[in-house]
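Visitor: whatever this is, show me its structure:
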Amino acid sequence: MKQENTKVTGQGNYIVAIGASAGGLEAIHEFFDNSSVDAGLSYVIIQHLSPDYKSLLVELVGKHTEMDVFEAEDGMEVKKNCVYVIPHKKLLTISAGKLKLSDKSLEKGPNTAIDSFLFTLAADKGHEAIAIILSGTGTDGTKGIEKIKQYGGMVMVQDPATAKFDGMPNSAIVSENVDYILPPELMPAELYEYVSVAPADPIKKLQVNEELLSDLFSLVHRCTGWDFNFYKRPTIFRRINHRMTAGGFKTFKEYVEYLHNSSDECQELSKEFLIGVTKFFRDKPAFDVLKKEVFPEMIRDKENGDPVKIWITACSTGEEAYSIAILLDDYLSTINRIVNVKIFATDIDRRAIETAGKGIYSEEIENSIQPDLLNRYFTKEGSNYTVVPHIRKQIVFASHNLLKDPPFIKNDLISCRNMLIYMDSSL
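Guide: Numbering: from 1, shown residues only. Below is the predicted model of the structure:
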């Protein structure tokens, strides 16, 4: 265990809630193997547990940390440098720094134990609340981290490529309420860095006013040609805050003044705004609908050899475009139809387009693609997978700005899923 002492120099009494489900135990162990025993933080583990068996989580976690590990009890005060574990058959909440237990409903339904705790943690601790979402199926934790962010807290999520089950991490990431996406073993170091430099209230730190924000957007637009006015404001603020913290800026006004004199920083900020969230077959139910409902309707009146045109906006590094191409090709083979598929995949980020055009991905995609599709539509080359030529040739990747460039027309299908992650919901 790598548990050298790491005292945090910042102020406050931060509580770190760790939410996990299937496959989460290994991630929890990796997290605590790399955690300090004297960082001044408190940890509460909310894991989905079988109601039929008593949890051994206290004993198991205790083997990976020298901190005291307790099974949570009603009214127990949360103390620094201690770990608290939810009991089985219980729901856990927190109020005034003390844990509260209640009986879990026996009715079948989605497990929302993580959300339940995060709702109360956000209200109780405000900006001193930290949520970590690890491996698991389903969406538990996604609503809770939204509340954590509303109260000024911080959210970490396990990199889906490292998770045994990526449902919970992906759901959290798509919500755009995530500050860090990391493998569990790297989380503690980033956590300590965040707490040591965290301001008294991160929401107040930015102190954004519309005039300065408009000035910032204009500077970035002049420098890059990209207009971010319509991106989700919480996302924009988090990205700006990240650059301000990295550069040591104390006020938003100071940072905007610096942008006036630094085209390099304008470029870096624009890259921060363009961080993509994508993977192969992201959100499987959506692809199930495509195959079962959309494709049959789209192909129904097509003759063999007819064109099928699809436009995928904000395609990032290409995973969604290839996913749709693969799924459509697989569907056409099952109904023995031959049509001329042409997919236009566009993005504002030229770097992402270049990556997409190569069609080469790391072996981590094995976690996202069914083995039969992986074998049929990719070739293994060393530690990478390359998209097979006949799928690659169906797709034209191009740089395109939706706000000012002419649209692609006469399409049979348009996908805006990636784009809508970032656009302001008020539009």
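
Visitor: for the closest residue to Ile335 other than its chain neighbours, give me its contacts.
Guide: In space, and not counting its chain neighbours, Ile335 is closest to Ile299: 7.4 Å by Cβ to Cβ, 6 or more residues apart in numbering. C-betas here are computed from N, CA, C, even on glycine. Contacts for Ile299 (Cβ atoms under 8 Å, 6 or more residues apart in numbering) come out as 308, 331-332, 335, 337, 339.

Visitor: which one of those is nearest Asp33?
Guide: Using Cβ to Cβ, Tyr331 comes nearest to Asp33 of the contacts of Ile299, at 44.6 Å.

Visitor: skipping its backbone neighbours, what lies nearest the closest one in space?
Guide: Nearest residue to Tyr331, sequence neighbours excluded (Cβ to Cβ, 6+ apart): Phe295, at 4.8 Å.

Visitor: secondary structure element holding that neighbour?
Guide: Using DSSP states H and E, Phe295 sits within helix 295-299.

Visitor: list the buried ones in that helix?
Guide: 295, 298-299 (16 or more other Cβ atoms under 10 Å).

Visitor: switch those over to TSV; also include distance to Glu210.
Guide: Converted to TSV, the buried residues of helix 295-299 look like this (distance: Cβ to Cβ, whole Å):
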residue	distance to Glu210
Phe295	44
Met298	43
Ile299	48
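
Visitor: quick revisit: among the contacts of Ile299, which ones are buried?
Guide: The buried subset of the contacts of Ile299 (16+ other Cβ under 10 Å) comprises 308, 331-332, 339.

Visitor: now, which of those sits nearest Leu186?
Guide: Distances from Leu186 to those, taken by Cβ to Cβ, are shortest for Tyr331, at 39.3 Å.

Visitor: need the residue closest to the centroid of the chain.
Guide: Ranked by distance to the mean C-alpha position of the chain (Cα atoms, centre = their mean), the top residue is Ile173 at 1.8 Å.

Visitor: measure it to Phe249 for me?
Guide: Going from Ile173 to Phe249 by Cβ to Cβ, to the nearest Å gives 27 Å.

Visitor: now do the helices in the stretch 51-200 of the chain.
Guide: For the stretch 51-200 of the chain, the helices defined by DSSP state H, counting those that start in this stretch cover 57-62, 113-125, 142-150, 167-174, 187-197.

Visitor: my error: substitute the stretch 251-400 of the chain in the last question.
Guide: Counting by DSSP H, counting those that start in this stretch, the helices of the stretch 251-400 of the chain are 252-260, 263-273, 284-289, 295-299, 319-335, 350-358, 371-377, 389-392.

Visitor: and for Arg282, nearest residue in space, chain neighbours not counted?
Guide: Nearest one to Arg282, counting by Cβ to Cβ, 6+ apart, is Asn170 at 6.4 Å.

Visitor: so, low pLDDT: which residues of the protein?
Guide: 1-12, 50-55, 105-109, 197-208, 230, 232-235, 274-277, 420-427 (pLDDT under 70).

Visitor: so in it, which strand runs the longest?
Guide: strand 340-347 (DSSP state E).

Visitor: quick one: strands adjacent to it?
Guide: Applying DSSP bridges to the sheet, strand 340-347 is found paired with strand 307-312 (parallel), strand 395-399 (parallel).

Visitor: who does the following helix or strand past the last one touch, helix- and strand-wise?
Guide: Just to be clear, that refers to strand 395-399. Counting by DSSP H and E, the next helix or strand C-terminal to strand 395-399 is strand 413-415. The contact analysis (3 or more Cβ pairs under 8 Å, 6 or more residues apart in numbering; DSSP states H and E) places strand 413-415 against strand 307-312.

Visitor: so how far is the strand it packs on from its chain's centroid?
Guide: 28 Å (Cα atoms, centre = their mean, to the nearest Å).

Visitor: and it, C-alpha only, in PDB?
Guide: Below are the C-alpha coordinates for strand 307-312, written out as PDB (Å, rounded to 0.1, in the frame of the first residue of the first chain):
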ATOM      1  CA  PRO A 307     -28.200   6.000 -51.300                       C
ATOM      2  CA  VAL A 308     -28.600   6.300 -47.500                       C
ATOM      3  CA  LYS A 309     -27.200   9.500 -46.100                       C
ATOM      4  CA  ILE A 310     -26.500  10.100 -42.400                       C
ATOM      5  CA  TRP A 311     -25.000  13.200 -40.800                       C
ATOM      6  CA  ILE A 312     -23.400  12.900 -37.400                       C
END
